[in-house]
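Peer 1: Give the three-dimensional model of this entry:
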Amino acid sequence: MSDALYTYWVGMDIPADTSAADVAAFNDFYSNVHKPEVLAGNPGFLRGRRYELAQDDTRGARGPRFIAAYDIESKEAAQLYITRNDGPASGRPVYSDGPAAWQKRSTKWRLMWQHVLNNPQSAQVSASPYMYLVGMNAAAGSGEAELAQFNEFYNTIHVPEVLAGYGFVSGARYKNMRTFLHPEPGAPNFLAMYGIKDEAAAQSFMKDRLSADPGGNSFSAGPPPWQKRDTKWRLTYRLVG
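Peer 2: Residues are numbered from 1 along each chain as shown. Here you go, the predicted model:
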């Protein structure tokens with residue numbers, strides 16, 4: 001089974017000095033109260049998963065501490081969410097207030113993604129306890145022909161090379177359907193998600209990423225729109241709950 005055709009992501013932070021007890025209360029509320037309310041209040045939302053940052057971008061802090069990913073059943077349901085978001089507040093769901101850490105949260109990302117590739121078809125990135133995320137733009141100024149080159153190379157060459165080179169169990173790609181919120185200089189146009197099979201594999205991968213030549217992999221160079229790509233973030237997350 002492939003990953004969802006549409007997915008809505010909310011990335012948020014809580015204060016760094018939040019106590020362990022307050023983090024636990026935050027997670028309990030998010031998973032057991034807020035997430036079910038989001039699913040119930042938004043037609044076409046199928047399921048939700050929550051992740052916590054395991055390793056930030058090696059170039060500096062770029063990822064929110066927590067991500068909630070909501071799978072959406074269709075383009076119509078995704079567009080309905082966008083329409084309600086852009087409309088009056090009276091047309092949107094009302095959610096419960098949470099504990100102290102919830103009230104102090106800051107939302108960093110709100111992104112709607114549209115599926116463009118799942119490989120292999122038999123595995124879901126969302127089934128893995130860890131996922132590695134790469135947010136990227138093709139070379140600046142790329143037109144339709146250049147984007148077609150970029151996507152063809154990414155889908156047919158680079159993703160299979162990454163799966164083989166790092167031993168990831170699954171991979172999927174999305175394009176940005178709508179950015180509601182993302183820090184400057186803006187959200188990436190494309191997202192790649194890779195599933196990591198277990199804790200040991202995730203720890204090995206994260207340690208490897210800190211080396212000068214991660215994995216010792218030599219990936220194909222790709223066409224010019226790929227060679228001049230702009231990678232916004234590379235982030236590793238673990239499943240919460």
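
Peer 1: what's stretch 87-106 in contact with?
Peer 2: 12-15, 18, 22-23, 25-26, 29-30, 33-34, 37-38, 40-42, 84-85 (CB atoms under 8 Å, 6 or more residues apart in numbering). All C-beta atoms are positioned from the backbone trio N, CA, C, and that covers glycine.

Peer 1: List the buried residues for that stretch?
Peer 2: 98, 99, 101, 102, 105 (16 or more other CB atoms under 10 Å).

Peer 1: and if you look at stretch 141-156?
Peer 2: The neighbour-count check on stretch 141-156 (16+ other CB under 10 Å) flags 142, 146, 147, 149, 150, 151, 153, 154 as buried.

Peer 1: which residues are in contact with it?
Peer 2: Residues outside stretch 141-156 that contact it (CB under 8 Å, 6+ apart): 116-117, 119, 138-139, 173, 190, 192, 220, 222-226, 229.

Peer 1: Between the residues you listed, which sits nearest residue 167?
Peer 2: For the contacts of stretch 141-156, the minimum distance to residue 167 (CB to CB) is 14.6 Å, reached by residue 119.

Peer 1: which residues does residue 42 contact?
Peer 2: Applying CB under 8 Å, 6+ apart to residue 42 gives the contacts 70, 77, 81, 84, 93.

Peer 1: Could you find the lowest-pLDDT member of the contacts of stretch 141-156?
Peer 2: When those are compared on pLDDT, residue 119 comes out lowest, with 51.

Peer 1: any weak-confidence spans in the chain?
Peer 2: The model of the chain has pLDDT under 70 over residues 1-2, 118-123, 211-217.

Peer 1: Farthest from the middle of it: give me that residue.
Peer 2: Distance from the C-alpha centroid of the chain peaks at residue 90, with 28.9 Å (CA atoms, centre = their mean).

Peer 1: Now do it against residue 223, distance only.
Peer 2: Using CB to CB, to the nearest Å, residue 90 is found at 49 Å from residue 223.

Peer 1: picking up where we left off before, from the contacts of stretch 87-106, list the buried ones, please.
Peer 2: The neighbour count (16+ other CB under 10 Å) marks 12-14, 18, 22, 25-26, 29-30, 33-34, 38, 42, 84 as buried among the contacts of stretch 87-106.

Peer 1: Is it possible to get TSV of these that adds secondary structure?
Peer 2: Shown next, in TSV, are the buried ones among the contacts of stretch 87-106 (DSSP: H, G, I helix; E, B strand; the rest coil):
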residue	secondary structure
12	strand
13	strand
14	coil
18	coil
22	helix
25	helix
26	helix
29	helix
30	helix
33	helix
34	helix
38	helix
42	coil
84	helix
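
Peer 1: ok so, going back, let me know the distance separating the residue farthest from the centre of the chain from residue 7.
Peer 2: Relative to residue 7, residue 90 is positioned 26 Å away (CB to CB).

Peer 1: same check, this time on residue 162
Peer 2: 20 Å.

Peer 1: now swap in residue 72 and tell me
Peer 2: From residue 72 over to residue 7 the distance is 6 Å, taken as CB to CB.

Peer 1: re earlier: between the buried ones among the contacts of stretch 87-106, which is nearest residue 207?
Peer 2: The closest of these, once distances to residue 207 are taken by CB to CB, is residue 13, at 24.8 Å.
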